[in-house]
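Trainee: how does the following fold in three dimensions:
(chains A, B, C and D)
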Number of protein chains: 4
Amino acid sequence: MNFLSDTTAPAHPRLIEAIAAANTGFESSYGHDAISARVETRLREIFECDLKVLFAVSGTASNALALSVLCPPDGAILCHDEAHIHRDERGAPEFFTGGAKLIPLTGAHAKIDLSALDRALAEIPEGFVHTSPVRVLSLSNLTESGTAYSVSEVTERTGRLRQRPALVHMDGARFANALVSLGCTPAELTWKAGVDALCFGATKNGALGAEAVVLFPSVLDRFEALQGRQKRGGHMAPKMRFMAAQFEAWLDDDLWLDLARAANARAGELAAGLAALPRVEILHSVDGNEVFARIPEPLADRMRAAGARFYQWPDGSARFVTSWCTLADEIRGLIAAANRFSP
Amino acid sequence: MNFLSDTTAPAHPRLIEAIAAANTGFESSYGHDAISARVETRLREIFECDLKVLFAVSGTASNALALSVLCPPDGAILCHDEAHIHRDERGAPEFFTGGAKLIPLTGAHAKIDLSALDRALAEIPEGFVHTSPVRVLSLSNLTESGTAYSVSEVTERTGRLRQRPALVHMDGARFANALVSLGCTPAELTWKAGVDALCFGATKNGALGAEAVVLFPSVLDRFEALQGRQKRGGHMAPKMRFMAAQFEAWLDDDLWLDLARAANARAGELAAGLAALPRVEILHSVDGNEVFARIPEPLADRMRAAGARFYQWPDGSARFVTSWCTLADEIRGLIAAANRFSP
Amino acid sequence: MNFLSDTTAPAHPRLIEAIAAANTGFESSYGHDAISARVETRLREIFECDLKVLFAVSGTASNALALSVLCPPDGAILCHDEAHIHRDERGAPEFFTGGAKLIPLTGAHAKIDLSALDRALAEIPEGFVHTSPVRVLSLSNLTESGTAYSVSEVTERTGRLRQRPALVHMDGARFANALVSLGCTPAELTWKAGVDALCFGATKNGALGAEAVVLFPSVLDRFEALQGRQKRGGHMAPKMRFMAAQFEAWLDDDLWLDLARAANARAGELAAGLAALPRVEILHSVDGNEVFARIPEPLADRMRAAGARFYQWPDGSARFVTSWCTLADEIRGLIAAANRFSP
Amino acid sequence: MNFLSDTTAPAHPRLIEAIAAANTGFESSYGHDAISARVETRLREIFECDLKVLFAVSGTASNALALSVLCPPDGAILCHDEAHIHRDERGAPEFFTGGAKLIPLTGAHAKIDLSALDRALAEIPEGFVHTSPVRVLSLSNLTESGTAYSVSEVTERTGRLRQRPALVHMDGARFANALVSLGCTPAELTWKAGVDALCFGATKNGALGAEAVVLFPSVLDRFEALQGRQKRGGHMAPKMRFMAAQFEAWLDDDLWLDLARAANARAGELAAGLAALPRVEILHSVDGNEVFARIPEPLADRMRAAGARFYQWPDGSARFVTSWCTLADEIRGLIAAANRFSP
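Mentor: Sure thing, here's the model as predicted:
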């Protein structure tokens, strides 16, 4: 019963098989392989638009690479104060952009508040040489609190940037989880809502280690620069076919959506079970595969004793992350153990 | 008959099997897995010393990460003019170090000439604030010309730095090939010869994508900084067990040495066959798995027509790279085809 | 009646004279001149300790240079949300440090709140590789609101960092103004209170363009690195004697303290006059040469019509900055004009 | 008899007077002053074109700022191996560009050889992602050997870049000396010859500390970015009027050309005198205010004993730099002393 993170889960067997299948004969390196090309084609179908894609080994890498072609070194990136790019990437965005400034904004449930966004924009006028100008808005979907921005919530926020020479980045480490939760199309949640570049994560949803940076039509002309950054960032893996093969199998037959649905379903069951316990409070809407709950300490201890592993979040709550392979039985067992404790 | 690069070769099946075997259950992420720990232990045995290791997805990444903890942003790195870090990494060392200066040195067969090294050191006095001080010497072994620095050649060069606060980096993208060719121990070729950090490559020698940065005892205290750099460089892959698993299988039962021996043997056979052809000149000592030859253009065309793929090098020569899976029959076939052409 | 900024004021004539006096014959360049040496000696007397100093042409430069030797590229700098280094330097600290992260903290009157500081420290544990560790606390004295941290307020804050490998930077663009207001010694307000490096500004207090980075005994060993950074930042002016000459004249006979006292006195008179006006609110304690007031718009217009120039601050208030050459008559005239308007 | 460097010379009195004259009343800061505007207008007349200008405190700063808007972080800058930007700026270009690579080229008398330039361009094809693409050619005029590129020599070299998306930087720390030596117009030696940006130095030719970055029509659209870089580099001096005032006085009535002519004349006299001495060899054409000579050691000692100060260059030669205030009598005295020694 490991709820620490979806990064502790194994990969889906079909991705392992795809890697083995890709391991035949010689193949062009550095992304010029046939599988990479097929994945790009498939992504065009999925996102219903022209696009360019490249792969990276971690979400930190894909976020930082994307931001590095969206934001100049002396620009600013608006993000939520709890955003992964601000809190959990050891300054990777600052590093890859050459020193851009991240400006953390507040907002409940890890969604950027519109008024906080407006205030930040008001405080940073265009053309004032002393202040890093706003060049990027970064939205995480799922957010760090496991909530999802709806299409209209994305659109509202991206719309605020329209009068500026600014672009929109979406950190989609758990994009699939948000997508199946919202029930919209990939296009609706991204470029149609004003998103210019998506970091599309597979690792947390069944891959061994494969993340994609997707550039939408508005920024296609930055792809050559992105490749340069990928290379000098050490992220142009020589035998790229093995990363592409993961994506191909993952996208094939909507496996990615099925895996996200499974993880989300487990999170829903876990949240329902926890909510029924006395003095347990679910803190955020469970829109994906994460549950944040305030749990009395004795009960939390009991759950740990029953074998559950989860993180204590900085705000004192407990974070449970389900994965594609979390079993419904595990959830039932955990809730049952908790119930035995709190009659 | 693909001799373009050892990066176009497939992975060895035992590494694929190791990945599949590692794909069971939940496992700590970001390098805290059991396999990573076992690999570190194994490397201590192999290198006969205390050491710290971390993994990266490309040689560019491992070189740049290593250099970033060896050289300050305002320091200089001495390397051969043809070094991969200078010619083929899109400025990754400059990026990761925060702007250190690479100073290219000359020398036949891609080995840094001792007199060129001495001249550079003489031109850059310590304590002269206007010039980037020498903080790193980088040696590639195998070199870019497929030659190997012997233990004494390494020692001679690293000895030149002893009076300075400088460290030695070894780019070992083809370290195994150099090692089996020289017949020395890993320790003799590295820390015993004055090397502080080794970039130990597996990708070109049978892995899917796995490179190791090894810190030897002299710089063990920089490991925490290295981890910080790995994280902010996006190279701390979440499911690190899959990279570690490759290394474990590769090191197990000396597979890495066997694969390098096979590739080297093929290169030797190829060089012997080519050398016997009229007007063909082998340009550098074939110490590993690379053969550089000057070949009359009609003969080169004939070889291409027979199915051989190889690069034309900037100096006009042909570069052939053999891999762990190059077949002796392929070499024989190619030489036979060439012989039919040049009676 | 220019209250826009103390950077719009002229230089004190004695500094111009010092520059003319320094313009005789040949002199060693790049800081090796005799005047620079004398200034360092004088600063040792003033700060009652061993120290090293170098000069820069702007406060942005001196702050960024100091931070670059206090904070590693993957570290974090805690500062007030309104700090000049965060709001008004176009990302210079991020640039010079190689991408360190500035973490803005809240607090009334532009002083970092102790609880905000504690919360930030609690949220960023040492040894957690994913988060940029706290390596610097930066305090501005005067603050951006014209208030002064007292010695005990400085000590309280620097004490919070004592358990960490962290250092303290003080942005003293208006250090003299804070000092004469507090009535303590330079040593008491800096190294005795836990400050490791001071950016000691003269430009806003009578110089043409001269700022000093002062390293106190705890970080003297970083001076060589600081010189390297100064050089590669383009801040090692060839004819440094002319910058040193400004400092020498400015420090001589306590001119710097007299100028600060004059500016502070004018600010006090202005605040008193404004406070007596109906519906005018002084927003922050006037500890130096800045007055922030909320002023009814018709009155503000009247003051502008009377010739006063001042900035409207982002929060809607009016900022008045007095300088060493602001005349008491100007203050009286402005207040009189305002009084005529609001009977 | 100080021939160490023109940076050890004092400033011309008219520039000191201009600074004193500028020190009246309040004035807009950060380059928005009236004098800065007048200098820009004057430079448009001098260079016979539209242009934008900003000031910096050192040649290192102006070179690095200019390069930072001409070269992307993953690009390469071609320069002479002895160029100041490569040898004497502690990696400032790497720092300001965010890690661009300087590729040093050979050539006699510190002029880039056309064949070396062609070879470098051939070795770095456009569109090869692994290699930093050539984005800037940097020419120093005067060169580091005191020679001048003629208009046609500049044009030949800049022409080589025409087929690439590359730009041309000229390091004109001693531009005035080159100009009066060549007898051409400022326009002919710069934008008409393919130069996009000029670092126009005054410090070595009579200023206290004032360098200008001039953007010509081809790159005017980069001025806003340049201002951003100036600010975040700490080079937007608050009281910019004092730097502008130096330039105004220096350009007024062709003072800058007169001072360069004086320095050049002294260098010519020195070279003629040295050349007449037995066993003394003048190593490079004396096109400006620098003389490089191979001098028998006993004679060099004698000259030092007579009071002459000069640097021993890395190649063993002696470098003499004359300045605007070097006296013809000093030259005569030195040569006379030398003659007394070598009868």
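Trainee: let me know the pLDDT of A:Pro314.
Mentor: In this model, A:Pro314 is scored at 82, pLDDT.
Trainee: for A:His130, helix, strand, or coil?
Mentor: Secondary structure, DSSP: H, G, I helix; E, B strand; the rest coil: A:His130 is coil.
Trainee: for A:Gln230, same thing?
Mentor: Assignment for A:Gln230 (three-state DSSP): helix.
Trainee: what's the spacing between it and B:Pro10?
Mentor: 23 Å (Cβ to Cβ, to the nearest Å). (Glycine included, C-beta is placed from N, CA and C.)
Trainee: likewise for A:Met170?
Mentor: 35 Å.
Trainee: higher neighbour count, those two?
Mentor: Ranked by neighbour count (other Cβ atoms under 10 Å in any protein chain shown), A:Met170 and B:Pro10 place A:Met170 first, with 30 against 21.
Trainee: ok, whatever residue of the stretch 1-150 of chain A ends up closest to chain B - how many residues close by?
Mentor: Per Cβ to the nearest Cβ, A:Ala61 is where the stretch 1-150 of chain A lies closest to chain B, at 2.7 Å. For A:Ala61, the neighbour count with other Cβ under 10 Å is 28.
Trainee: domain ranges for chain A?
Mentor: Domain ranges of chain A: A:12-254, A:256-339, per automatic domain parsing.
Trainee: so which of those is nearest chain C?
Mentor: Closest among the domains of chain A, using Cβ to the nearest Cβ: domain A:12-254, at 3.8 Å.
Trainee: follow-up on the earlier one: comparing the domains of chain A, which comes out most buried?
Mentor: Highest mean neighbour count among the domains of chain A (mean count of other Cβ atoms under 10 Å in any protein chain shown): domain A:12-254, with a mean of 22.
Trainee: helices or strands next to the helix or strand containing A:Asn264 in the packing?
Mentor: Under the criterion of DSSP states H and E, A:Asn264 resides in helix A:255-275. Contact partners of helix A:255-275 among helices and strands, from 3 or more Cβ pairs under 8 Å, 6 or more residues apart in numbering or on different chains; DSSP states H and E: helix A:175-182, helix A:241-251, strand A:281-282, strand A:290-294, strand A:318-321, helix A:328-341.
Trainee: contacting residues around the longest one?
Mentor: Outside of helix A:328-341, the residues that reach it under the criterion Cβ atoms under 8 Å, 6 or more residues apart in numbering or on different chains are A:1, A:265-266, A:269-270, A:273-274, A:276-277, A:298-299, A:302-303, A:306-308, A:322.
Trainee: roughly how far apart are the residue nearest to the spatial centre of chain A and A:Leu167?
Mentor: In chain A, the centroid-proximal residue (Cα atoms, centre = their mean) is A:Ala173; its distance is 1.8 Å. Taking Cβ to Cβ as the measure, A:Ala173 falls 19 Å from A:Leu167.
Trainee: next: A:Glu123.
Mentor: With the distance defined as Cβ to Cβ, A:Glu123 ends up 20 Å from A:Leu167.
Trainee: do the same with A:Trp191
Mentor: Taken as Cβ to Cβ, the span from A:Trp191 to A:Leu167 is 12 Å.
Trainee: name the residues contacting each of those two.
Mentor: Residues touching both A:Trp191 and A:Leu167 by Cβ under 8 Å, 6+ apart: A:Ser218.
Trainee: tell me the pLDDT of A:Gly244.
Mentor: Just to correct that, residue A:244 is Ala rather than Gly. pLDDT, A:Ala244: 98.
Trainee: my guess is it meets A:Leu54, correct?
Mentor: No - if you go by Cβ atoms under 8 Å, A:Ala244 and A:Leu54 don't touch, sitting 10.0 Å apart.
Trainee: shared neighbours, these two?
Mentor: Between them, A:Ala244 and A:Leu54 share the contacting residues A:Gly31, judged by Cβ under 8 Å, 6+ apart.
Trainee: related to what we said a few turns ago, so which of the helices and strands packed on helix A:255-275 comes closest to A:Ser138?
Mentor: Across the helices and strands packed on helix A:255-275, A:Ser138 has its closest neighbour in helix A:175-182 (13.6 Å, Cβ to Cβ).
Trainee: what does that closest one contact?
Mentor: By Cβ under 8 Å, 6+ apart, helix A:175-182 touches A:141-142, A:148-151, A:172, A:186, A:189, A:198, A:200-201, A:205, A:256-257, A:259-261, A:263-264, A:287-289.
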